[in-house]
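Enquirer: let me see the structure of the following:
(2 chains)
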Amino acid sequence: MLVMKEKLDIILSSFSGEGRELIPVLQKIQEEMGYLSPEAMLYAAEFLKIPPSNVFGVASFYEQFRFSPVGKKIVMVCQGTACHVKGAEKVMNEISRHIGIKEGQTREDMEYTLKGVACIGCCALAPCITINDDVHGRLTPKLIEKLFIKKPVNKKTNE
Amino acid sequence: MSDVNIIIDGIEFKTEAGKTILDAALENNIYIPNLCHHPELLPTGTCRMCLVEVEGISSVVVACKTIVRQGMSVLTESPLINSTRRATLELMHVNHKQDCTNCKKNGICKLQEVTAFVGVNENRLKLLRKTKPHVPPDNSNPFFNLEYDKCILCGICIRTCNEIQGVDALQFAYRGYHTIVSPFLNQTIKDSVCESCGECVVRCPVGALVPKLTSIPSREVSSVCPYCGVGCGILLGVRGDKITNVTGIKESPVNKGRLCVKGRYGYEWVNHSERLKKPLIKKGENFVESSWDEALTLIAKKLSKYKGESFATFSSAKCTNEDNYIIQKFTRAGMLTNNIDHCARLCHAPSVAGLAQSFGSGAMTNTIDELGKAGCIFAIGTNTTESHPVIALEVKSAKKNGSKIIVANPREIDLCKFADIWLQHKPGTDVPLLMGICKAIINNRLEDKEFINSRCEGYSEFKETLKEYDLKNVERITGVPAGKINEAAKVYASMGPSSIIYAMGITQHTHGTDNVLAISNLAMLTGNIGKKSSGVNPLRGQNNVQGACDMGALPNFFPGYQKVSEENVIKKFENAWECKLNNKTGITLTEIISAIDKKKVKALYLVGENSLLSEPDANHVKEALKKLEFFVAQDVFLSETACLADVVLPAASFAEKDGTFTNTERRIQRVRKALNPVGESKPDWLITCMIAQKMGVKGFEFSGAKEIFDEISKLTPSYKGVTYERIDKTGLQWPVYDKTHKGTPVLHKEKFLTSNGLGRFAKLNYRPPAETPDKEYPLLLTTERSLYHYHTGTMSRRVDGLNVLNREELVEINPIDAEKYSMKDGDKVSVESRRGRINAVIKTTKKCPKGVISMSFHFFESPTNVITNPAIDPVAKIPELKVAAVRIKKI
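Expert: You can find the predicted model right below:
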């Protein structure tokens, strides 16, 4: 808990503590800590002198904010029209088989989070995915196998 | 403000400038449909129902947010308005669970009202797709439910929680298609910071927030809340012989309709099955039910043996003025002793003594309502949010109005959130802190010289003693940085009118009277007394503790603080009561306990007190009470203390009798009988009168509370002008000098009530608490109260919902201390002092400073007062309940 507090103090040190900084503060916390934990949101509320309920109200509006931790690699599988036609479902199943988690889950070793998204805008490369900021297109089962290291023995997952 | 002329639907009206179109229309009886509007809340314009057209503006505007202008012409209906309203309303209906006949708000629902006016088209509704999925209701709170499927997202609950309550438990979350009203993290209401006051439930326009118990009353009786000293006006809803609900009275100048969780939902105890219904006589080890006659005969026979100094009475601050008057009259005229006292000894005896010394009168100098308009509020030694919730609302509203809030408290109490300055002094260092502030005021030349010269005495001697309190020295003793003290001094002295509120944190010390005197010094030094929104305001604890003091349930005073030792006073009462009276000042509550222990007092008449939980060093109290030769207890329940009695008499509750309570701001208010007494229970005054009559004492032939009150006003100068007729609607604040006098909201306006009319500065020396932590007992125990319970829990522990919200004693401890003792939340621990040991559960919180633990005294399972310190203040004889040295151990 104390370690968390020190970490947050460093994160918040570049802000002045005014209410209007809420969104940048939340973004910075998420950037540094991977997600918005209840403790971090309470700390931000105290720092910005905003009721915690308001912080949650704002954070829950934006798709960009996460309330649970995500893996080091966030895999987004495009499910747009082009990818759908080109077998996005198979891609999803294949990746799922390789990394051992289902859509929407995070692997227990915090290595991967798997998500389906509407469209990532690379229809020419369909079927495509992103791993963090990198786009991988025209996927085949072989390419998928190359992209992902074998799943560990322990199959437990975090929702 | 000036007036403007506006035209609504072709009719001309005059209205105040600055008003909104909606307010102007509603005031003139023109209906404009509205859902998110509430007269006590700021407008947001979210429901889009109050759309109107204004001449010269091309689009429609929301009437609730548009301010009237001279000559403005408004149309409340037009084809454009109607179609827009209808479309919006239809969208609301699509997502609203259509369950009107079952709904608890049926008939009082604003959505029904607006729909009836605007009209919706059933066929069009069928074509609309429901956008929101079903969200299961939140039934976690013991007193009310939140049904999301009926919520119209007007935001009234959110604004109430923010603007009225200052709690901010709720906010819109998941905005968009899935918007709901939600606490932080979408927790359940029970797990959130919600204080269950129910203000949002009262204001919810639809069936989304509804109380769990909703039988509709057949009649309503106006009365006063029986919990704390704030004295909120309440309407008791009654159906048959049961209370169905409690509503705050909007017209009450005290609470303006607002209530806290106890006041609104904590009434179940009145109809509780454990209420005493028949007199009980102890035969052998057990109580046996008896007839009134048998009990009274026994009491009369026994008590006549103990007339004089071997008898004592504990009266009750929960009882009415009439009850207390009769009880003290019986003690003095019937039992010929002044040995009468009540629990004010344990709370505000130092205020009575200290303020009488400085100002000549020991009560709140100003009115609750004035707090909201103060320039600065200095809250010292009061956890107002927990102990006086409705007064805390005034403090919060003052903050909203721009006033500065200074909080002095060792613990990080809720008000700290609203404070501009928080002085975290060490427990028991109030005198140096306050004297330090005085010193800083003089250093900054901010004292009110004119006020000091014309209204006060003893200033130069007082100033001389301030030399000891140089800020560096004060910083060393109190632990508060000198800079902060200086800052607080400047704010208090220059932001006036400044009002001081204080409570047990000031009084429950061996130097309680000194603390009060220090507060008086500070107020006089800056001239912050005798004018509106200033003053020295002790927040009294019990619903009628002010009244019990006023009525002379004290060992040294007759009603109206007329001294028992003064010859002309004795004469006055001897003439009035037609009997001989004892002029020897009686002994105090704490002294009575030791006198019982020494077998000097042999018989005790205890009304509505629960000494085994409320007195310090409770084990000692228990041992002492066992030594009594004859012990009569009178209560609504068989309390822990009443179990030790020889005879227990069943008393009627506040809802079952007529009378008056005097609240903390000296307002005498009417309490009315709403129910017939349970079983054979009777009003306290009647029981005492029956005992007196059985003993053959004259002057107790009263037919009702009103007759008693007439005698009170005859003999009590400050109540002289009060009659039941005059306080029928709103109470009056004493002193009320005659039948035409309007009462006294502000005391000490022109002069003080002291003998020479001057306020007296006091010289003060710092004395540390009687017991401080040491090697053996390294922690400091301080006591506090919980919002959800009241004192020894006789009433509140018998309300199921309150037990759900706070079910057990929690020892609050700083996480660093907890780590030191390897303890975590939920661990069972023993807390031990030199006087005893009790068990409770640990709760870690940063709100507790290091080295300090804090407990309440509501729970008989963890009787905190077994371990508190009975050392007393030499003047007021109050025990030091706020500081004791303890140690804790995991068990």
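Enquirer: what about the closest residue to chain B within chain A, neighbour count?
Expert: Going by Cβ to the nearest Cβ, chain B is nearest to A:Pro51 of chain A, at 3.3 Å. No exception for glycine: its C-beta is placed from N, CA and C like everyone else's. By other Cβ atoms under 10 Å in any protein chain shown, 21 other residues sit near A:Pro51.
Enquirer: my read: it touches B:Gly166, true?
Expert: No. Using Cβ atoms under 8 Å, A:Pro51 makes no contact with B:Gly166, being 9.5 Å away.
Enquirer: how is the chain carved up into domains?
Expert: Picked chain A for this. Listed domain ranges for chain A are A:2-59, A:73-158 (source: automatic domain parsing).
Enquirer: my bad, chain B
Expert: B:3-127, B:280-347+B:544-709, B:349-538, B:779-890.
Enquirer: can you pull the contacts of residue 73?
Expert: Here I'm looking at chain A. A:111-113, A:131-132 (Cβ atoms under 8 Å, 6 or more residues apart in numbering or on different chains).
Enquirer: switch to chain B, please.
Expert: Counting by Cβ under 8 Å, 6+ apart, B:Ser73 touches B:6-7, B:54-55.
Enquirer: do that again at 6 Å, thanks
Expert: Contacts for B:Ser73 (Cβ atoms under 6 Å, 6 or more residues apart in numbering or on different chains) come out as B:7, B:55.
Enquirer: tell me what it is bridged to.
Expert: Beta-bridge pairing for B:Ser73 (DSSP bridges): B:Ile7.
Enquirer: okay, buried residues for the strand or helix carrying B:Pro432 please.
Expert: Assigned by DSSP states H and E, B:Pro432 belongs to helix B:430-443. Judged by neighbour count using 16 or more other Cβ atoms under 10 Å in any protein chain shown, the buried positions of helix B:430-443 are B:430-441.
Enquirer: quick check: B:Ser192 touching B:Pro183?
Expert: Yes. The criterion here is Cβ atoms under 6 Å, and B:Ser192 meets it with B:Pro183 at 3.3 Å.
Enquirer: of those two, which one has the most company?
Expert: The neighbour count for B:Ser192 versus B:Pro183, taken as other Cβ under 10 Å, is higher for B:Pro183 (24 against 21).
Enquirer: could you give the mean pLDDT of the lengthiest helix in chain B?
Expert: Secondary structure assigned by DSSP state H gives helix B:79-94 as the longest helix of chain B. Confidence for helix B:79-94, expressed as mean pLDDT, is 93.
Enquirer: so what's the gap between that helix and the chain middle?
Expert: 45 Å (Cα atoms, centre = their mean, to the nearest Å).
Enquirer: what does stretch B:147-163 give?
Expert: In terms of Cα atoms, centre = their mean, the centre of stretch B:147-163 is set 27 Å apart from its chain centre.
Enquirer: and the residue of chain B nearest chain A?
Expert: In chain B, no residue comes nearer to chain A than B:Asp168, which is 3.3 Å away by Cβ to the nearest Cβ.
Enquirer: quick revisit: dump the domains of chain A into a markdown table; add distance to B:Lys426 as well.
Expert: Below are those laid out as a markdown table (distance: least, Cβ to Cβ, whole Å):
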| stretch | distance to B:Lys426 |
| --- | --- |
| domain A:2-59 | 24 |
| domain A:73-158 | 46 |
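Enquirer: where among the ones you listed is average confidence lowest?
Expert: domain A:73-158 (a mean of 86).
Enquirer: centre of the chain to that one, how far?
Expert: Averaging C-alpha coordinates over domain A:73-158 and over its chain gives two centres that are 13 Å apart (Cα atoms, centre = their mean).
Enquirer: averaged pLDDT, stretch B:762-770. What do you get?
Expert: Per-residue pLDDT over stretch B:762-770 has a mean of 92.
Enquirer: how many residues are close by residue 89?
Expert: Answering for chain A, as no chain was given. 13.
Enquirer: the chain in question should be chain B.
Expert: B:Leu89: 26 neighbours (other Cβ under 10 Å).
Enquirer: now swap in A:Pro38 and tell me
Expert: 13.
Enquirer: contacts only, for it.
Expert: B:Leu185.
Enquirer: so B:Ala295 touches B:Lys282, yeah?
Expert: No. Using Cβ under 6 Å, B:Ala295 is not in contact with B:Lys282, being 11.0 Å away.
Enquirer: more neighbours, these two?
Expert: B:Ala295 (24 against 15).
Enquirer: identify the residues contacting the more buried one.
Expert: Contacts for B:Ala295 (Cβ under 6 Å, 6+ apart) come out as B:279, B:647.
Enquirer: Three-state assignment for it, please.
Expert: What DSSP: H, G, I helix; E, B strand; the rest coil gives for B:Ala295 is helix.
Enquirer: do you know how far it is from B:Val193?
Expert: Counting by Cβ to Cβ, to the nearest Å, the separation of B:Ala295 from B:Val193 is 49 Å.
Enquirer: now swap in B:Lys278 and tell me
Expert: From B:Lys278 to B:Val193 the distance is 44 Å (Cβ to Cβ).
Enquirer: repeat that for B:Glu12.
Expert: To B:Val193, B:Glu12 is 49 Å away according to Cβ to Cβ.
Enquirer: which one's more surrounded, those two?
Expert: The neighbour comparison of B:Glu12 against B:Val193 (other Cβ under 10 Å) goes to B:Val193, with 17 against 10.
Enquirer: tell me who's in contact with that one.
Expert: By Cβ under 6 Å, 6+ apart, the residues touching B:Val193 are B:Ala169.
Enquirer: one more time with 10 Å
Expert: Taking Cβ atoms under 10 Å, 6 or more residues apart in numbering or on different chains, we find B:Val193 in contact with A:51-53, B:161, B:167-170, B:183-184, B:187, B:414.
Enquirer: that one belongs to a helix?
Expert: No. According to three-state DSSP, B:Val193 belongs to no helix; its state is coil.
Enquirer: quick check on B:Lys531: phi, psi?
Expert: Main-chain torsions, B:Lys531, degrees, to the nearest 10: phi -130, psi 170.
Enquirer: could you do B:Thr15 as well?
Expert: B:Thr15 adopts backbone torsions of phi -150, psi 160, taken as degrees, to the nearest 10.
Enquirer: which residue packs closest to it, ignoring adjacent ones?
Expert: Among residues not flanking B:Thr15 along the chain, B:Ala24 sits closest, at 4.2 Å (Cβ to Cβ, 6 or more residues apart in numbering or on different chains).
Enquirer: helix or strand: which one has that neighbour?
Expert: Using DSSP H and E, the element containing B:Ala24 is helix B:21-27.
Enquirer: what's that helix packed up against?
Expert: Judged by 3 or more Cβ pairs under 10 Å, 6 or more residues apart in numbering or on different chains; DSSP states H and E, the packing partners of helix B:21-27 are strand B:3-8, strand B:11-16, strand B:51-54, strand B:61-62, strand B:73-75.
Enquirer: list of residues touching that helix?
Expert: By Cβ under 10 Å, 6+ apart, helix B:21-27 touches B:4, B:6, B:8-9, B:13-16, B:19-20, B:30-32, B:34, B:37, B:39, B:43, B:45, B:49-50, B:52, B:54, B:61-69, B:72, B:74, B:76.
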